[in-house]
Structure formats: C-alpha cells, structure tokens
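S.K.: Dropping a prediction and its sequence here:
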Amino acid sequence: MAEQSEDNEKSEDPTQKRLDEALQRGDVAKSQEVSTWFVLAGGTLMLMVFSGSMGTGLKSTFTGLIANAHQIPTDGASLVRLSSRIGVEVLAAVAIPVLLVALFAVGGNVIQHRLVWSAESLKPKFSKISPVSGLKRLFSKVALVNFAKGIAKIALLGTVMAMLLWPERDRLDTLVTLDVAAILPFVSVFALKMLGFVVVIMAFIAAADFFFQYRQWFEKQKMSLQEIKEEFKQTDGDPMVKARIRRIREGRMRKRMMAAVPEASVVIMNPTHYAVALKYDRGDNAPVCVAKGLDAIALKIREVAEAHNVPVVENPPLARALHASVEIDQEIPADHYRAVAEVIGYVMRLRRGLGH
C-alpha cells in the first residue's frame with residue numbers, strides 16, 4: 001500500500017512529452033505583468049523617440065483645421081471627406097509608434113513561451129461558470145498572491161510618484177499662471193521621467209511574477225511514478241523514459257536504505273569500497289540486510305551509521321562476500337552465518353562492556 005501511495009504521488013518532474021502536451025493544449029507559464037511591462041516599456045520608448053514627430057504632425061493637422069474652421073463646408077459629403085482626411089493624417093502621424101508598441105506586446109508573450117495555436121481555452125467548461133469553482137478561485141493561493149501583488153504595485157508606484165512630485169511642489173503651483181506653450185516642455189520631461197521610474201519598478205515586479213507563475217505551472221505539470229510508467233508503455237520503451245524511471249527507483253531505494261541504517265545492528269565495511277548494514281533481533285532466523293552499497297553510497301552508509309552510534313566493523317572479505325550474495329531485505333545466506341555470528345557476537349560483547 002505504501003509503495004502504491006508513492007507511485008500515485010505527483011512528486012516527479014514532468015517529462016518532455018508531458019510539457020509538449022501542455023503546450024499543445026495552450027497550457028503555458030505566463031505572467032501578465034511581463035506583457036504589461038513590455039507594452040509600458042515600448043510605449044515609453046516610442047514617446048521618447050517619436051513624440052516630436054507625432055506632435056509636429058498632429059499640430060500641423062489641427063492648426064490648419066482650427067485656423068480655417070470658418071471656411072469648412074458643413075454639408076454631409078464634405079464632412080465625410082474632412083473626417084477621412086483627418087483620420088488618415090492622424091493615422092500617418094501615430095502609425096509607426098503604435099505598430100512598434102504592438103510588436104512589443106507580441107514580444108512580451110513570445111519571450112515567455114513559444115507561439116501557441118490552440119482552441120482548448122475556447123471550449124466551454126462548467127468550472128468557469130460554477131459558483132463553487134468561482135469561490136475556490138477567489139480565495140485560492142493565486143488570488144491571494146495577485147491581491148498582494150496589486151497592493152504592492154499601488155504602494156510602490158504611489159511612493160515613486162510622491163517622491164518625484166514633492167521636489168516640484170513649488171513649480172506646480174506656478175504652472176497655472178503660465179501659457180500652455182510654456183507648460184508643455186515641463187509636462188513632457190516630467191512625464192517621461194515618471195514613466196522611466198515606473199518602467200524600472202515594473203521590471204522587478206514582472207520578473208518576480210514570472211518566476212512565481214512558472215513555478216506554479218511547473219508544479220501543476222508534475223507527474224506520479226505511475227504516470228511515468230504509463231507514459232513509458234505508450235512510448236514503447238523510450239530509452240530516456242526508461243533511464244528516468246530507473247533513476248527514480250534507485251533514488252527511492254537509496255532513501256529507504258539510509259532511513260533503515262539507524263535501525264541496523266552492525267555495518268560491515270571494506271573499509272571504503274563496500275558497506276553492508278545488517279539487522280538482527282533475538283528470535284530472527286538470520287540477520288537481514290537493510291542496506292548495502294559501493295564507494296560513495298558505502299561512505300554515506302558509514303556516515304549515517306556513525307551518526308546514530310551503529311557499530312561499524314571493518315572486515316573486507318566478509319563485506320565483499322555479503323555485498324555479492326545478499327539483496328536488500330533478504331536474510332544472509334547460510335554460508336555466512338558463522339562469520340556474521342562472530343561479528344554480531346563481538347558487537348554485543350562490546351556493547352555490554354560499554355554498559356549499553
């Protein structure tokens with residue numbers, strides 16, 4: 001039962017096949033903050049580069065319109081032509097900046113994941129309209145994080161605005177007395193300065209949010225050992241999947257071994273290449289091997305044994321023989337009874353002598 005529970009626990013990193021399937025479904029790690037930052041940064045950059053040309057173009061259009069307003073025909077056909085002309089001129093003035101900002105918006109998505117064409121998100125799902133599911137989403141961990149993130153953004157941006165406005169408080173009072181032409185340069189410089197600070201702060205928020213969203217998505221993609229086994233069957237013995245399963249099994253076996261070492265009666269070593277941990281209780285037919293290993297694993301077994309005051313006996317011939325002839329959770333072969341009995345007898349005498 002314990003082994004079955006471990007097999008069904010989603011504790012293993014997803015395979016490449018699982019990640020590819022998630023991408024095909026449109027299930028990808030995505031941070032809205034990253035997309036927002038790209039649009040904000042792109043818009044700020046466009047204002048810095050194209051504000052002069054956009055202003056000149058729009059100024060020319062509307063100056064002529066206002067100066068000649070009394071000469072503009074007011075019949076329907078003339079107004080339609082005028083509207084079309086104004087629309088074309090405005091579009092010509094802002095087309096390049098708007099197009100570049102749109103490219104920034106696309107870049108904010110592409111940089112997070114490959115382009116995905118999937119209709120999965122368009123399929124109707126009952127969970128999207130279920131009140132119970134809605135309440136769960138409302139009070140979920142993600143919702144709480146988004147709420148905290150919103151509060152943090154408001155606090156940070158509000159602080160920055162206050163820090164920028166406070167030194168200019170005296171100048172702001174005098175702006176109302178100035179001509180519009182004199183106000184515009186100050187407003188333009190101050191707005192770009194403010195946007196620059198906002199872009200820097202949002203960069204940190206976007207980076208933190210992306211790592212959080214990616215971690216949430218990656219945890220959701222994790223697989224159980226049973227799912228990996230099923231995938232292995234479907235892929236007809238894919239060597240990579242097979243090696244992955246073998247590594248997982250070996251890792252779990254090592255963990256169980258190390259957990260059993262503190263309960264061992266003795267560890268027999270050679271002295272660094274082989275280690276076999278044996279457990280013997282009165283009434284047992286024979287000692288049972290609870291852990292064994294070579295080289296680094298042997299040293300780890302010794303380290304755990306010494307940390308838990310389990311006796312370590314160096315007997316190279318016996319350590320090599322036991323390592324070759326006994327498996328984990330098996331009794332030692334009868335051929336080694338006498339040699340192991342001498343070791344366990346020595347350990348017991350040693351413990352009695354130490355008063356244990």
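M.R.: That came through fine. Numbers count the residues shown, from 1 in each chain.

S.K.: so who does residue 332 touch?
M.R.: Counting by Cβ atoms under 8 Å, 6 or more residues apart in numbering, residue 332 touches 278, 286-289, 322, 325-326, 340. Where you see a C-beta, it was placed from the backbone N, CA and C, and this is true even at glycine.

S.K.: What subset of those is buried?
M.R.: Using 16 or more other Cβ atoms under 10 Å as the burial test, these include 278, 286-289, 322, 326, 340 as buried.

S.K.: And the contacts of residue 332, which is closest to residue 222?
M.R.: residue 289 (33.0 Å; Cβ to Cβ).

S.K.: Now that closest one: phi and psi?
M.R.: Main-chain dihedrals, residue 289, degrees, to the nearest 10: phi -80, psi 120.

S.K.: Can you give me the distance of it to residue 321?
M.R.: 12 Å (Cβ to Cβ, to the nearest Å).

S.K.: Repeat that for residue 273.
M.R.: For residue 273, the distance to residue 321 - Cβ to Cβ - is 13 Å.

S.K.: Just want to know which of those two has more residues nearby.
M.R.: residue 321 (21 against 15; other Cβ atoms under 10 Å).

S.K.: State the pLDDT value of the more buried one.
M.R.: On the pLDDT scale, residue 321 is placed at 89.

S.K.: just residue 289 next, same as before
M.R.: Taking residue 289 on its own, its pLDDT is 90.

S.K.: same check, this time on residue 131
M.R.: Reading off the model, residue 131 has pLDDT 66.

S.K.: And for residue 103?
M.R.: For residue 103, pLDDT reads 88.

S.K.: Remind me which helix or strand it belongs to.
M.R.: Applying DSSP states H and E as the criterion places residue 103 in helix 76-110.

S.K.: Check the offset of that helix from the chain's centre.
M.R.: 38 Å (Cα atoms, centre = their mean, to the nearest Å).

S.K.: What about residue 143, how many residues nearby?
M.R.: For residue 143, the tally of surrounding residues (other Cβ under 10 Å) stands at 12.

S.K.: Rounded mean pLDDT for the helix or strand hosting it, please.
M.R.: Secondary structure assigned from DSSP H and E places residue 143 in helix 141-165. The average pLDDT for helix 141-165 rounds to 81.

S.K.: Mind listing what's buried along it?
M.R.: 153, 156-157.

S.K.: and it, what does it pack onto?
M.R.: Using 3 or more Cβ pairs under 8 Å, 6 or more residues apart in numbering; DSSP states H and E as the contact test, the elements touching helix 141-165 are helix 180-221.

S.K.: next one: the helix or strand following the helix it packs on to chain centre, how far?
M.R.: The first helix or strand that comes after helix 180-221 along the chain, using DSSP H and E, is strand 223-224. With Cα atoms, centre = their mean as the basis, strand 223-224 stands 17 Å off its chain's centre.

S.K.: who touches strand 223-224?
M.R.: 7-15, 18, 231.

S.K.: Out of these, name the ones that lie in strands.
M.R.: Within the contacts of strand 223-224, residues falling in strands by DSSP state E are 10-12.
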